[in-house]
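> Sequence and predicted model, in that order:
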Amino acid sequence: MRATHFCESCGKVQPPVPADYFTFFGLPRKLNLDVAVLERDFYELSRKLHPDLNARSESKEQEWSLQQSSLLNDAYRTLKDAVRRTQYLLRLEGVELEEQSKSATEQARASGELKKQIVPPDLLEEVFELNMQLEELRMQKKMGEDDPALLEEIGKQKMELEEKHEQLLQELQGHWKVWDNLVDREQRDQAVPASEHKQALDKMVDVLNRRNYIRNLVRDVSEALGN
Amino acid sequence: MSSDRIVGIDLGTTNSLVAFMQGESPVVIPGDDGLNLVPSVVALDADGQPVIGNSARRYLIETPERAVYSIKRLMGRGAEDIQEELKLFPFRLAEDLTAGEVLRIKLGEKTSTPPEISALILRQLKRNAERFFGGPVTKAVITVPAYFNDAQRQATKDAGRIAGLEVLRLVNEPTAASLAYGLDKKQNGIIAVYDLGGGTFDVSILKLHDGIFEVIATNGDTHLGGDDIDNLLITIALDDIQGDMGLDLRRNAEAVQAIRKAVIEGKIALSEQPSIKLDVELPGSKRYRREITREQFEQLIQPIIDRTVDPCKQALNDAGLKPAQIDEVVLVGGSTRIPKVRALVKALFQREPHTDLNPDEVVALGAAVQANILGGGSEATENMLLLDVTPLSLGIEVAGGVTDKIILRNSTIPASATQFYTTQVDGQANVAIHVLQGERELAKDCRSLARFDLRGIPPMAAGMARVEVKFLIDANGILHVSAREQRSGKESEIQVQPSYGLTDEQVEGMILDSFDNAEEDFRRRQVIEARNEVATILAALDKGKKSPAWGHLTTEEKKQIAKMEKALVAVNAEEDYTAIRKAIDALNQGTTRLAELMMDSAVSTALKGKTMDQADMGEGPTAPHPMAKAEFE
């Protein structure tokens, strides 16, 4: 059921009720969703909730319209993007994600703490190699030298990492199926053991962490290459 | 009815306009001089009265210390971030400015904040609209550069309030332009708007879908525009003059303004001509002469216009689009008349840009469309809805001076984010939050918006309080913050210290007198206006009585005219606008035949049915309207 956003009979905007983004759109808490349908619903709701179309209403209704339409926009922005949608669901399910963002890095650097950074095991060797090469590149740059072979090698590694980054999105979508299946079973009133929940969520967390790690690596390489 | 009269205003760096939706299409409302563009120039006359627009322009050269232009560049900015501006523009800061105070500019013997100066321009536009409608105008949609930050937006809103206007919405200029373009072609697709104005550059990428104008990405530079080209040309001229004649005119404001006027005219002419000749009179009856070819001009401005490339690429990147996926490109802003700029846009987006609408007017026309939508819409705007975005990420300062982004740039607005704060020590009652805007990682590199002090947290053990702070960016792109302590459910008091900008109380104090008396003010001006008209028509009648045509009237006709003249003079002494208006119309009607007789027969046939004030009084068919509307200040 979609949360009630406006009066069914008079069409006026109603105050927002506390609801998660899935409920806001009347969607089950599933990860595979039709983005085109979501967009259609977003436009349809915008035409009713947007402050521009409620500019002549009473001030109370204008305030509701502002609240509702910000919620609508926040929900749409989160749900339409595969990664943000997954992160949001994980948070809804009580999982705290390991933030490996640049700001976390900067923060750690500024406070002198060691940033928690888990190198995905399957990447250990590659990362070690790449870091050596990046170090060499920085040294060369300092000396004003130029090694086309090294640049080419690093460029190739960067491309491979970008490819892996893409592949991980597909891997993530594989885990969506497991999760959605589980939600379906629950909707049919079948008991799903908590361990199954946890397993499905953990797998998605793992993919997102690996993906973040690679994203940061690509950024570091780009910085080192100077582009 | 007056409540439905919402106007759209383009408050530009160089020119400002006011427009209104007339029936199914937006129209620009001309000023009393009949011109659509009101130059964004404010001057003080010898009596200390403000003069705005075209009539203020001569003060730039005659008494430059009593005039100011391009004030938009200073809106929402602090003394420390306008050092570049001060080198290039003749802004004179008030000497008694204290740290943390909103900028004040010297204008003659007065000092004013940028919002107050902008308010004078807005008030002129308001008056032009009131003259057009014959009634008060109190509500407006005002456009701002898409890349304006929170402080610049707030300053614009303040200016509206000071001018006695309720600002129903701030609309981004490129988005407004797209509304004007989209009005008659309700097709779907992706459009890019390239807006290079007098002082600002914006690029926006929109998705059009059955009347919904959804901005996907925007980018820009709030300090890049035609002004920069002018300043470059002025610098070259000043260097030339110093080199050739040994004359340093940098401190000579009159001479600099004369050069500025000449290079602007030259720049504009170069869009049509292969070369121009500058010829400026200098002090000491010297002249500065120089020829500039279009080729030279294009070489000179290349570095300036190249600065628009990165924002365009960034916007495309943020939208996740390649140039080939853009269906149409729209040009906005006077600087897009420069052929080299058009060539650059064409190369960037790989297609011929649209130029069907006047680039100076399209933003105001779009603002009028948005005003119509807010007013409840009409057949022309049915189903039209604008979904705009915030141009800059919103962040809060966290440990180590780092920015934690809570609302990312290009998020559709209204947008919100919720953060939770707790206390560090037992019984802590306050929490300080520093809000920033910008894309940089470190707080010191972002724009400080405000410092919020959450107060009145109930006494609790450290870490027990849970203060929920909600950040909400409204449809104007302006931030609102509210806070609640969750355990007690108590609304926390927030004390806001805006980093740049006026407090509510300050704005209240600045509101121009006319605001409280909008109706009274308008009525009084109407009477003055009508009186001027009376003076003109009576003068025309005197002239008519002395012409040979007078002898051709019958005695009865002359008697009637005399009666109406007497009636007009009588009501003119009273304060009743309607009565004066009626008497003017009566006399105008009564003198129709006289006016006709005064023409020679050929012209008379052409002008049949014209009234006294419409008939030409002998200066030839192209002479200006003898009853030109009066100017008020």
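That came through fine. Numbering: from 1, shown residues only, chains lettered A, B, ... in the order given.
> just how off-centre is the longest helix along chain B within its chain?
Secondary structure of chain B per DSSP state H: the longest helix is helix B:518-546. Distance, stretch centre to chain centre, for helix B:518-546: 30 Å (CA atoms, centre = their mean, to the nearest Å).
> How many neighbouring residues does the closest residue to chain A within the stretch 351-500 of chain B have?
Here the stretch 351-500 of chain B gets closest to chain A at one residue, residue B:400, 3.1 Å apart by CB to the nearest CB. Heads up, the C-betas are built off the backbone N, CA and C, glycines and all. Neighbourhood size, residue B:400 [other CB atoms under 10 Å in any protein chain shown]: 16.
> Next, give phi and psi for it.
With angles defined as degrees, to the nearest 10, residue B:400 sits at phi 80, psi 10.
> Do you know the pLDDT at it?
Residue B:400 is assigned 76 on the pLDDT scale.
> One more: residue B:240?
89.
> which SS class is the closest residue in space to it that isn't next to it in sequence?
Distances taken as CB to CB, 6 or more residues apart in numbering or on different chains put residue B:290 closest to residue B:240, at 6.4 Å, once the chain neighbours are dropped. Recorded secondary structure, residue B:290: strand (DSSP: H, G, I helix; E, B strand; the rest coil).
> residues contacting residue B:290?
B:237, B:240, B:277, B:278 (CB atoms under 8 Å, 6 or more residues apart in numbering or on different chains).
> which of those residues count as buried?
B:237, B:240, B:278 (16 or more other CB atoms under 10 Å in any protein chain shown).
> I'd like these as a markdown table, with secondary structure appended.
Formatted as a markdown table, the buried ones among the contacts of residue B:290 follow (three-state DSSP):
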| residue | secondary structure |
| --- | --- |
| B:237 | helix |
| B:240 | helix |
| B:278 | strand |
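> Which member of these is positioned nearest residue B:452?
residue B:237 (48.5 Å; CB to CB).
> how close does that closest one get to residue B:70?
18 Å (CB to CB, to the nearest Å).
> Test for you: state the pLDDT assigned to residue B:175.
pLDDT for residue B:175: 95.
> Run through the neighbouring helices and strands of the longest helix of chain B.
helix B:114-133, helix B:555-572, helix B:577-590, helix B:592-598 (3 or more CB pairs under 8 Å, 6 or more residues apart in numbering or on different chains; DSSP states H and E).
> Can you give me the domain boundaries for chain A?
Residue ranges for the domains of chain A, per automatic domain parsing: A:1-80, A:113-225.
> ranking those by burial, who's on top?
domain A:1-80 (a mean of 17; mean count of other CB atoms under 10 Å in any protein chain shown).
> longest single helix anywhere in chain A?
Counting residues, the longest helix found in chain A (DSSP H) is helix A:148-187.
> relative orientation of the helix or strand just after that helix and helix A:148-187 in degrees?
Going down the chain from helix A:148-187, the next helix or strand is helix A:194-225, by DSSP states H and E. Compare the direction of helix A:194-225 with that of helix A:148-187 by axes from the mean of the first three to the mean of the last three CA atoms, to 10 degrees and you get 160 degrees.
> And helix A:194-225, how far out from the chain middle?
Distance of helix A:194-225 from the chain centroid (CA atoms, centre = their mean) equals 10 Å.
> is chain B contacted by that helix?
No. Judged by CB under 8 Å from any CB of the partner chain, helix A:194-225 stays clear of chain B, getting no closer than 11.8 Å.
> Just list what that helix packs against, helices and strands only.
So helix A:194-225, by 3+ CB pairs under 8 Å, 6+ apart, packs with helix A:82-92, helix A:102-111, helix A:124-143, helix A:148-187.
> Which one of those helices lies nearest to residue B:348?
helix A:148-187 (25.2 Å).
> Let me see the contact set for residue 148.
Because you didn't say which chain, this covers chain A. By CB under 8 Å, 6+ apart, residue A:148 lies in contact with nothing.
> The intended chain is chain B.
B:76, B:156, B:172, B:200, B:222, B:391, B:477.
> Please tell me how far the first one sits from residue B:509.
From residue B:76 across to residue B:509, the span is 19 Å (CB to CB).
> Of those two, give the one with the bigger neighbour count.
residue B:76 (28 against 10).
> closest to residue A:30 among the buried ones among the contacts of residue B:290?
Nearest to residue A:30 among the buried ones among the contacts of residue B:290 is residue B:237, at 67.6 Å by CB to CB.
> ok, that closest one - contacts?
Going by CB under 8 Å, 6+ apart, residue B:237 touches B:259, B:262, B:263, B:278, B:280, B:288, B:290.
> can you put those in a markdown table and add pLDDT?
Formatted as a markdown table, those follow (pLDDT from 0 to 100):
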| residue | pLDDT |
| --- | --- |
| B:259 | 91 |
| B:262 | 93 |
| B:263 | 93 |
| B:278 | 89 |
| B:280 | 89 |
| B:288 | 88 |
| B:290 | 90 |
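> which among the residues you listed end up buried?
B:259, B:262, B:263, B:278, B:280, B:288, B:290.
> measure stretch B:288-299 end to end?
Length of stretch B:288-299, first residue to last, CA to CA, to the nearest Å: 22 Å.
> and residue A:171, what pLDDT?
Note for residue A:171: predicted pLDDT of 91.
> tell me the pLDDT at the residue lying closest to it once chain neighbours are set aside?
Leaving aside its sequence neighbours, residue A:171 sits nearest to residue A:207 (CB to CB, 6+ apart; 5.4 Å). Here, the pLDDT recorded for residue A:207 equals 88.
> who's in contact with residue A:207?
A:168, A:171, A:172, A:175.
> and what of residue B:211?
Contacts of residue B:211 (CB under 8 Å, 6+ apart): B:186, B:382, B:383, B:384, B:385.
> repeat that for 10 Å
By CB atoms under 10 Å, 6 or more residues apart in numbering or on different chains, the contact set of residue B:211 is A:43, A:47, B:182, B:186, B:188, B:381, B:382, B:383, B:384, B:385, B:386.
> and residue B:452, what element?
Short version: residue B:452 belongs to strand B:447-455, going by DSSP H and E.
> Check which element follows that strand along the chain.
strand B:467-473.
> which secondary structure elements does the very next helix or strand once past that following strand contact?
Per DSSP H and E, strand B:467-473 leads on to strand B:479-485 as the next helix or strand towards the C-terminus. Applying 3 or more CB pairs under 10 Å, 6 or more residues apart in numbering or on different chains; DSSP states H and E, one finds that strand B:479-485 contacts helix B:150-162, strand B:415-421, strand B:431-437, strand B:447-455, strand B:467-473, strand B:490-491, strand B:493-498.
> Apart from its chain neighbours, what residue comes closest to residue B:38?
Nearest to residue B:38 is residue B:53, by CB to CB, 6+ apart, at 4.1 Å.
> Tell me the predicted confidence for the one you found.
Note for residue B:53: predicted pLDDT of 93.
> wait, isn't it in contact with residue B:32?
Yes. Between residue B:53 and residue B:32 there is a contact under CB atoms under 10 Å: 9.1 Å.
> Show me which of those two is the more surrounded one.
Of the pair residue B:53 and residue B:32, residue B:53 is the one with more neighbours under other CB under 10 Å, namely 25 against 18.
> Excluding sequence neighbours, find me the nearest residue to the residue nearest the centre of chain A.
For chain A, the residue nearest the mean C-alpha position is residue A:84 (2.4 Å; CA atoms, centre = their mean). Distances taken as CB to CB, 6+ apart put residue A:78 closest to residue A:84, at 5.0 Å, once the chain neighbours are dropped.
> can I assume residue B:588 is in contact with residue B:564?
Yes. Under the criterion of CB under 10 Å, residue B:588 makes contact with residue B:564 at 9.2 Å.
> Out of the helices and strands packed on helix A:194-225, which gets the lowest mean score?
When mean pLDDT is averaged over each of the helices and strands packed on helix A:194-225, helix A:102-111 scores lowest at a mean of 52.
> For chain A, tell me whether stretch B:451-471 is touching it.
Yes. Counting by CB under 10 Å from any CB of the partner chain, chain A has neighbours in stretch B:451-471: B:470, B:471.
> Give me the buried positions along that stretch.
Under the neighbour-count criterion of 16+ other CB under 10 Å, stretch B:451-471 has B:452, B:454, B:457, B:460, B:465, B:466, B:467, B:469, B:471 buried.
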